[in-house]
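Peer 1: Have a look at this prediction, sequence included:
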Amino acid sequence: MLVNKSWLNNKYQWVGLKSIIKVTSDVHEKTTGKETTETRWYISSLDLNAEQALSSVRNHWQVESMHWVLEMTFREDESRIRKGRGPLAFNVMRKIAMTLFKQDQTKRASIVAKKKMAGLDDEYRSTL
């Protein structure tokens, strides 16, 4: 479907706008088996072709996904560590822990469950 771009000439247009990106995804929810189609729109100051736009969107969501896991699993935004190199050191440790949990094939469990198991089980923690 073509997009009506006439609104771009209006006075509220974004300065430097070069691309309007539409991404349509077929989504399969593993837990419910539900199939949906999602459409997301992006604007960019870069003059992108379709391949570049898709790569940029995928890279963006890869980072967002990591941030979501860090927030939901490790409650990173609630951290009270704010002085010196503490915030950086703990951010790195959380990312290492997240990677170890994701790579672990010994347990079929969520990262939250693996985190809890690692806290309670010395043997499991040493396998990580």
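Peer 2: Yep, that arrived.
Peer 1: Give the burial count for residue 97, as a bare number.
Peer 2: 18 (other Cβ atoms under 10 Å). For glycine as for every other residue, the C-beta is placed from the backbone atoms N, C-alpha and C.
Peer 1: Show me what counts as buried in the helix or strand hosting it.
Peer 2: According to DSSP states H and E, residue 97 maps onto helix 86-103. For helix 86-103, the neighbour count (16 or more other Cβ atoms under 10 Å) marks 94, 97-98, 101 as buried.
Peer 1: nearest residue to residue 48 other than its sequence neighbours?
Peer 2: Excluding the flanking residues, the one nearest residue 48 by Cβ to Cβ, 6 or more residues apart in numbering is residue 19, at 4.8 Å.
Peer 1: you'd agree that neighbour is up against residue 44?
Peer 2: Yes. With contacts counted by Cβ atoms under 8 Å, residue 19 reaches residue 44, the gap being 4.2 Å.
Peer 1: what residues are shared contacts of those two?
Peer 2: residue 53 (Cβ atoms under 8 Å, 6 or more residues apart in numbering).
Peer 1: Now do the helices in this protein.
Peer 2: Secondary structure of the chain (DSSP state H): helices at 50-74, 86-103, 111-120, 122-127.
Peer 1: Turn those into CSV, including mean pLDDT and distance to residue 25.
Peer 2: Rendered in CSV, the data for the helices of the chain read as follows (pLDDT from 0 to 100; distance: least, Cβ to Cβ, whole Å):
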stretch, mean pLDDT, distance to residue 25
helix 50-74, 91, 10
helix 86-103, 93, 22
helix 111-120, 92, 23
helix 122-127, 92, 35
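Peer 1: Distance to residue 34 added to those, as CSV?
Peer 2: Shown next, in CSV, are the helices of the chain (distance: least, Cβ to Cβ, whole Å):
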stretch, distance to residue 34
helix 50-74, 20
helix 86-103, 24
helix 111-120, 22
helix 122-127, 33
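Peer 1: quick one, which of those is nearest to residue 4?
Peer 2: Minimum separation from residue 4 across these (Cβ to Cβ) falls at helix 50-74, 19.1 Å.
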